[in-house]
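In: Below are the sequence and a predicted model; questions follow.
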Amino acid sequence: MASIPNGTQMEDEENFEDAFENIPVASKMNLKTSLEECTMALNLFLNNKFSEALSLLRPWSKDSVYHALGYSTILVMQAAMTFEQQDIQMGISTMKEALQTCQRFRKRNTVVESLTNLVSKQSADQLTDEEMHAEICYAECLLQKAALTFVQDENMISFIRGGLRIRTSYQIYKECHHVLLMTQGNQNKDEAYYQYEGGVKLGIGAFNLMLSLLPARILRLLEFIGFSGNRELGLSQLREGAATPSLRAVLCVLTLLMYHTYIALILGTGEGNLQEAEELLEPYLSKFPNGSIILFYAARINVLKGNFESAQITFQQCIESQQEWKQIHHLCYWELMWCHTFQQQWLKAYHYADLLAKESRWSKAIYVFQKAAILSMLPDEVVKTTGEDVVALFRQVESLKQRIAGKSIPTEKFAVRKARRYMSSNPVKLVLPALEMMYVWNGFTIVGKRADLTENLLVTVEQAEKALNEETNPTEFLVDDQCLVQLLKGLTLKHSGRLLQAELCFSQVIQNEKRIRYDHYLTPFSFYELGLLYKQQGEIEKAIRFIETAKSNYKDYSMESRLHFRIHAALNSLKGSPVSTP
């Protein structure tokens, strides 16, 4: 049985770089053969051989649960990255076929309750290997189809259907976990068992981790329909899954990498475990040195460490490593845009924002806003050399807004609100819009790793502060702009170690709360930042009080959900307990 590239096993793996031509077409398919072929397809995928991986999986995608899952998963990933309606439709129809394939191999009981009944009334030994694996593959397909449904259609019926699919998937994973616990004492564990174990750990781990991130008010609603999440359990299950000799080992690794390098930063307080991320990635970097997904995460880890220059080199290697999936290039452009923004290399940052606006469909509103925001940081004569009209760019933003699952994307709504200042015949310029968006994405936590760049940012912020204070013809936005500058100044001072001065800046925003006319988000975010500041100084009770104030006393402001995610993470770390639910 072919083992999956994982840990110490990786150096023993066959090199798949040019292996596709030598893979024989299977004449019959059983569980063992399907796992072997899907292992080959996974290696091809990680070596940027995306079409070859699909070609290997396609012939048996209607007669093997693993071929069905693998084939549809690649198409779903492609749809999620391109955001093209045609790709989304293809992903959904392929996933529907995959579900039908998995359904044929499942135990012939009722659909949702079948496994519950099996666990409670029969011995787990009565489930065949094929039936156990069909359950896991069915749950994975269901989850992916639900996610795509949200993206494809924004009506409420689709939203409810998607929610029910997620609930069914969650229930199946819980029952599969029970089966796993019942069979752990078995002496004769074979390859099929370890593959099943990997699937359970991926599902239970990912569900618990993602649910644990949700703020209490959302989680209370989900608990009512049977969801709960425990962060420590989620992380431990994924770590165990990453160490198993299974097909899902690399998927557990990629889930952990996503958590440590993105989710912990954007929806948390920025406390991802970079050491663990590097250790998880290292064997895959050795095995797939030109794999674009592996290179992307290697570069992202460098970004989070403040090594922007070396990150830029690795992102370029990632772009050059393959030309088939341009969407991975777009992920690199986004990161390169921020690398140059952190260094205030505005023309280079503009170059990548411009590429995104022209090539990517993910969020045209954000890309055009970023272009305009970055150009706003440059002198007018430099902007002219680009041939762009900043006012015209800002005026485009609202028309580019999109909806997902019936709702506007919060960052797009934020960009639209900010850009409205340019809709009048006498537009009032935004103050430091590129730095404001940096804060929205928690970028100050990243740039704070570099004292030199933090100091440079402070100089830029203080110049804007001076210009506002010397304003002879104040507009209705003056107090909002001054408060924004104080928030940004407080962040740069905090990361420079000047905590008392930072405290004064955040406090100044709060003192001006009643004078703020439009950017009401500044007050709760300032309470939150003060709370983090007190946490840093060891004043835990005071920190909790300020963060609780941000949580309880404010509503209906920009980026509210994002702040509530961060508050949830901060309070759990302050109270010293794992994120869990009863």
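Out: Yes, it's here. It should be emphasised that the depicted structure is a prediction, and the values quoted were computed from it without experimental measurement. Numbers count the residues shown, from 1 in each chain.
In: Now stretch 365-380: buried residues?
Out: 365-378 (16 or more other C-beta atoms under 10 Å). For every residue, glycine as well, the C-beta is placed using N, CA and C.
In: correct me, but residue 333 touches residue 352?
Out: Yes: Residue 333 lies in contact with residue 352 (C-beta atoms under 8 Å); the separation is 4.5 Å.
In: And the buried residues of stretch 365-380, which two are furthest apart?
Out: Among the buried residues of stretch 365-380, the pair separated by the greatest distance (C-beta to C-beta) is 365 and 378, at 21.4 Å.
In: Who has more neighbours out of residue 333 and residue 352?
Out: residue 352 (25 against 22; other C-beta atoms under 10 Å).
In: For that one, give me its contacts.
Out: Residue 352 sits next to 333, 334, 336, 337, 340 when contact means C-beta atoms under 8 Å, 6 or more residues apart in numbering.
In: and the helix or strand in which residue 236 is found, what's its mean pLDDT?
Out: If you go by DSSP states H and E, residue 236 is part of helix 231-242. Regarding helix 231-242, the rounded mean pLDDT is 94.
In: Please apply the same query to stretch 362-382.
Out: Here the average pLDDT along stretch 362-382 is 96.
In: How about the secondary structure of the residue lying farthest from the centre of the chain?
Out: Distance from the C-alpha centroid of the chain peaks at residue 472, with 44.3 Å (C-alpha atoms, centre = their mean). Classification of residue 472 using DSSP: H, G, I helix; E, B strand; the rest coil returns coil.
In: residues touching it, list them.
Out: Residue 472 neighbours (C-beta under 8 Å, 6+ apart): none.
In: change the start of the numbering to 41 and stick with it
Out: All set: I'll call the first residue 41, so the last point we hit is now residue 512.
In: ok, so what distance separates it from residue 472?
Out: According to C-beta to C-beta, to the nearest Å, residue 512 and residue 472 sit 20 Å apart.
In: And for residue 514?
Out: 17 Å.
In: name the helices or strands packed onto the biggest helix by length in the chain?
Out: Of all the elements of type helix in the chain, the one with the most residues (DSSP state H) is helix 196-223. Applying 3 or more C-beta pairs under 8 Å, 6 or more residues apart in numbering; DSSP states H and E, one finds that helix 196-223 makes contact with helix 154-161, helix 169-192, helix 231-252.
In: what comes up buried for that helix?
Out: 198-199, 201-203, 205-220, 223.
In: same deal with stretch 569-582?
Out: Neighbour-count burial for stretch 569-582 [16+ other C-beta under 10 Å]: 569, 570, 571, 572, 573, 574, 575.
In: For it, give the distance from the opening residue to the closing one.
Out: Stretch 569-582 has an end-to-end distance of 12 Å (criterion: C-alpha to C-alpha, to the nearest Å).
In: which stretches of the stretch 41-190 of the chain form helices?
Out: Assigned by DSSP state H, counting those that start in this stretch, the stretch 41-190 of the chain shows helices spanning 71-86, 90-97, 105-122, 125-145, 154-161, 169-192.
In: which among the contacts of residue 392 gets closest to residue 350?
Out: Distances from residue 350 to the contacts of residue 392, taken by C-beta to C-beta, are shortest for residue 376, at 12.8 Å.
In: one step back: list the contacts of the helix holding residue 276.
Out: With C-beta under 8 Å, 6+ apart, helix 271-282 has contacts from 46, 237-238, 241-242, 244-253, 288-289, 291-293, 295-296, 299, 320, 612, 618-620.
In: Could you turn the buried ones of these into a PyMOL selection?
Out: Buried residues within those, by 16+ other C-beta under 10 Å, are selected in PyMOL with:
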select buried, resi 46+237+238+241+242+244+245+246+247+248+249+250+251+252+253+288+289+291+292+293+295+296+299+320+612+619+620
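In: so how far is the helix or strand harbouring residue 340 from its chain's centroid?
Out: Using DSSP H and E, residue 340 falls within helix 332-344. Here the centre of helix 332-344 is set off from its chain's centre by 14 Å, with C-alpha atoms, centre = their mean, to the nearest Å.
In: Contacts for that helix, please.
Out: Helix 332-344 has contacts (C-beta under 8 Å, 6+ apart) with 86, 88, 294, 297, 301-302, 305, 312, 314, 317-318, 321, 324-325, 328, 348, 350-352, 354-355, 357-358, 361-362, 365, 368, 371-372, 375, 378-379, 486, 489.
In: hmm, try it at 7 Å
Out: 86, 88, 297, 301, 312, 314, 317-318, 321, 324-325, 328, 350-351, 354-355, 357-358, 361-362, 368, 371-372, 375, 379, 486 (C-beta atoms under 7 Å, 6 or more residues apart in numbering).
In: Now do that helix against helix 71-86, angle only.
Out: Relative orientation of helix 332-344 versus helix 71-86 (axes from the mean of the first three to the mean of the last three C-alpha atoms, to 10 degrees): 50 degrees.
In: what about residue 363, how many residues close to it?
Out: Neighbours around residue 363, by other C-beta under 10 Å: 10.
In: Could you verify that it is part of a strand?
Out: No: Residue 363 sits outside any strand when classified using three-state DSSP, being coil.
In: Show the model's pLDDT score for it.
Out: Confidence at residue 363, expressed as pLDDT, is 96.
In: what about it, distance to residue 375?
Out: 18 Å.
In: Need the per-residue pLDDT for residue 189.
Out: With respect to pLDDT, residue 189 scores 69.
In: what do you get for residue 268?
Out: 69.
In: Kindly reformat the contacts of residue 392 as TSV containing secondary structure and pLDDT.
Out: As requested, these are exported to TSV (DSSP: H, G, I helix; E, B strand; the rest coil; pLDDT from 0 to 100):
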residue	secondary structure	pLDDT
373	helix	98
374	helix	97
376	helix	98
377	helix	98
380	helix	98
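In: quick one, what contacts the spatially closest residue to residue 448 that is not a sequence neighbour?
Out: Nearest non-adjacent residue to residue 448, counting by C-beta to C-beta, 6 or more residues apart in numbering: residue 441, 6.2 Å away. Counting by C-beta under 7 Å, 6+ apart, residue 441 touches 405, 448, 452, 456.
In: To what extent is the second one buried, counted in neighbours?
Out: One way to gauge burial is a neighbour count; for residue 448, by other C-beta under 10 Å, it gives 14.
In: Give me the subset of the contacts of residue 441 that lies in helices.
Out: Those of these lying in helices (DSSP H): 405, 452, 456.
In: Quick check: what element follows the helix or strand hosting residue 484 along the chain?
Out: Under the criterion of DSSP H and E, residue 484 resides in helix 483-487. Next helix or strand after helix 483-487 toward the C-terminus (DSSP H and E): helix 491-509.
In: Can you give the contact residues for that following helix?
Out: By C-beta under 7 Å, 6+ apart, the surrounding residues in contact with helix 491-509 are 382-384, 471-472, 487-488, 518, 521-522, 525, 528-529, 532-533, 535-536.
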